[in-house]
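# Sharing a model that was predicted from the sequence below.
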Amino acid sequence: MTDPAIIAAHYRQLLAQPQFQETDEPDVKSRFKEWLSRWFIRLGASFGEFKYAGSLHALTSLFLTAMTALSVVGLIYTMVRLTRRRERMEPEPFGGLTGPRTFHPPEFYDVEIQQSILAGDWHTAWLASWRQFLSRLEKGELVEADRTRTNREYLAQLSTRSLPSHALALVKTMVDTYDRFIYGRQPIDRPAWDRFYHQIGEATLLLHLDDKTARSEDRA
């Protein structure tokens with residue numbers, strides 16, 4: 001077959017067959033959207049047939065209420081724990097007297113300090129020794145003790161007195177150390193306790209708060 005006309009006609013016949021016709025490429029994006037829509041429709045229908053579908057609103061409300069109640073209880077618990085923790089770190093009230101006094105007499109704390117030292121409880125020993133120091137300041141009429149006052153407020157009261165500058169500087173150092181170890185929750189070991197207790201003894205002597213020294217001056 002060499003006739004060009006016959007060959008061209010045969011070629012046109014082949015192209016006219018369906019398998020050789022050009023078709024549009026499938027729109028993948030449209031088909032995916034159509035499939036996704038049908039899937040959501042079937043999911044909604046299945047969900048509607050769920051046995052407890054009508055109770056889901058009530059169950060959701062109950063769940064949210066329970067979560068809110070648990071959150072409130074957790075908040076109250078945290079506040080109580082923080083309050084108790086702060087009360088443990090604050091100077092104790094002087095229960096035997098009314099008014100602004102909040103401390104026991106200085107000698108009351110000797111037993112607690114000694115027992116804490118023997119037990120190696122430096123935190124309790126630290127607090128007891130500081131309360132004893134504040135009690136001596138109150139007894140010496142250098143501060144007006146009140147459980148609502150902070151150590152900084154006691155320091156401000158001392159600053160208004162005619163006291164040696166090196167004594168005030170020492171007390172300020174003690175207050176800074178107290179804040180770092182007690183409020184800052186820095187661990188207290190034996191060396192830290194020894195340094196703090198030595199500072200308290202030195203400040204007690206500088207401010208003439210020692211009971212024995214006071215009794216000797218009274219006799220003189």
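That came through, no problem. On a predicted model such as this, the values are computed, not experimentally measured, just so you know.

# So residue 174 sits against residue 196, correct?
Yes: here residue 174 reaches residue 196: they are 7.1 Å apart, a contact under CB atoms under 8 Å. The C-beta positions use only the backbone N, C-alpha and C, and glycine is treated the same way.

# What's the separation between residue 159 and residue 78?
Note on residue 159: its distance to residue 78, by CB to CB, to the nearest Å, is 36 Å.

# Same question for residue 176.
28 Å.

# again, but for residue 155
According to CB to CB, residue 155 and residue 78 sit 31 Å apart.

# What pLDDT is listed against residue 57?
As predicted, residue 57 sits at a pLDDT of 64.

# what residues go with each domain of this protein?
58-86, 92-215 (automatic domain parsing).

# Pick the most buried one from those.
domain 92-215 (a mean of 15; mean count of other CB atoms under 10 Å).

# worst-scoring helix or strand of this structure, pLDDT-wise?
helix 211-219 (a mean of 44; mean pLDDT, DSSP states H and E).

# Point out where the chain drops to low pLDDT.
1-5, 7-8, 10-11, 14-28, 40, 43-59, 83-101, 147, 211-220 (pLDDT under 70).

# and if we set it to 50?
Applying pLDDT under 50 to the chain picks out residues 91-100, 213-220.

# and residue 174, what does it touch?
133, 196, 199, 200, 203 (CB atoms under 8 Å, 6 or more residues apart in numbering).

# The helix or strand hosting the third one packs against which elements?
So the one you mean is residue 199. If you go by DSSP states H and E, residue 199 is part of helix 190-206. Counting contacts by 3 or more CB pairs under 8 Å, 6 or more residues apart in numbering; DSSP states H and E, helix 190-206 is packed against helix 122-139, helix 165-178.

# The helix or strand following the longest one versus helix 122-139: what angle between them?
Read it as helix 122-139. Using DSSP H and E, the helix or strand that follows helix 122-139 towards the C-terminus is helix 151-159. For helix 151-159 against helix 122-139, the angle by axes from the mean of the first three to the mean of the last three CA atoms, to 10 degrees is 30 degrees.

# Quick one: list the elements packing against helix 151-159.
helix 122-139, helix 165-178.

# could those go into CSV alongside distance to residue 192?
Below are those laid out as CSV (distance: least, CB to CB, whole Å):
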stretch, distance to residue 192
helix 122-139, 7
helix 165-178, 8
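
# out of those, which comes closest to residue 62?
helix 122-139 (45.3 Å; CB to CB).

# tell me the angle that closest one makes with helix 165-178.
Going by the same axes, to 10 degrees, helix 122-139 makes 140 degrees with helix 165-178.

# what's helix 122-139 packed up against?
helix 109-119, helix 151-159, helix 165-178, helix 190-206.

# let's see it at 6 Å
Secondary-structure packing of helix 122-139 (3 or more CB pairs under 6 Å, 6 or more residues apart in numbering; DSSP states H and E): helix 109-119, helix 190-206.
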